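# with the input below, show me the fold.
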Amino acid sequence: MALYSYLKKDNSPRKKAINYVSYISLTIGSILLFWSFYPILSFEIYSRLFLQQNVSTPIPRTDKASSLEQANSVLGSFITLSNNLKDFPQITQAKLWFPVKQQSANSLNNIQSYDLSIPKLNIKKAKVTVGGEDLSKSLVHYYPRSMPGEYGNVVIFGHSTLPQWYNVKDYKTIFTYLSKLDKGDKILINIGEIEYEYEIFELFVVNPEEVSVLDQKNDASYLTLITCVPPGTYLKRLVVRGKLMQLPTNFR
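Coordinates of the predicted model:
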């Protein structure tokens, strides 16, 4: 019986080509995987280091359903990664973001819409629909109880996605870079010929159940921008708050 067996190595061009294709495919796959998940991981690290987390709400967590559960019932299966295809029209419906609060479709002072600009993000006069629902067509002034310039809290929802698909003119991606804002940055609201300038004073991340971010405050005029994070998911909500520092000079 033979003690050793020798096999001749296949060095044919065909074998080499197969090996090269395998290595290239593995490399491309690894790059694509990193490309897809890097924005999510980087945001998680950034938010945990620099953004406040888990703002509490006076409503008990066990007494209400989360927006994730409602989205799950609509979609039929729970997938936290949003590809902006399967999610529409469901996740672009504003009512799924904080379902415990009932949206009112009634506009205040007969104002149906107004414009929002964020100079730092190159967002120019994006349409905000008062009491709207479809986040794929505009930003939404959700749960309207006060208007910009008035005492109270104006809450505006905007959609976001993976940075790779970002388009500043697409409402399905418009708030993708909202986390890049800092304290002191400006948000401009235009209602007709009147322009209101808000200054950002805080940014933080909450769970979908933390509806306290929708509460009214009557000591000043506040603006709250909300989008889903990490990018490309709807696991949590990024909240950016600004305050009106002074009334516009052309205010009547």
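# now name the helix or strand holding residue 126.
With the criterion set as DSSP states H and E, the secondary-structure element containing residue 126 is strand 123-130.
# after that strand, which helix or strand is next?
On the C-terminal side of strand 123-130, the closest following helix or strand by DSSP H and E is strand 139-142.
# strand partners of that next one, parallel vs antiparallel please.
For strand 139-142, sheet partners with direction are given as strand 123-130 (parallel), strand 152-157 (antiparallel), following DSSP bridges.
# return the most buried member of these.
strand 152-157 (a mean of 24; mean count of other CB atoms under 10 Å). Using the backbone N, CA and C atoms, a C-beta is placed for each residue, glycine as well.
# what lies in contact with that strand?
94, 97, 116, 128, 135, 139-148, 213-218, 221-227 (CB atoms under 8 Å, 6 or more residues apart in numbering).
# if we can go back for a sec, any chance of the strands paired with strand 139-142 in JSON lines, plus distance to residue 201?
Formatted as JSON lines, the strands paired with strand 139-142 follow (distance: least, CB to CB, whole Å):
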{"stretch": "strand 123-130", "distance to residue 201": "19"}
{"stretch": "strand 152-157", "distance to residue 201": "13"}
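# indicate which one of the ones you listed is closest to residue 21.
In terms of CB to CB, the element of these nearest to residue 21 is strand 123-130, at 44.1 Å.
# how about residues contacting that closest one?
Taking contacts as CB under 8 Å, 6+ apart, the residues outside strand 123-130 that touch it are 107-108, 111-117, 137-141, 144, 147, 156, 158, 168, 171, 174, 189-190.
# show me which positions of stretch 180-192 end up buried.
Taking 16 or more other CB atoms under 10 Å as the neighbour-count basis, stretch 180-192 is seen to contain the buried residues 181, 185, 187, 188, 189, 190, 191.
# next up, the contacts around the last one.
If a contact means CB under 8 Å, 6+ apart, then residue 191 has 111, 114, 115, 147, 148, 149 as its contacts.
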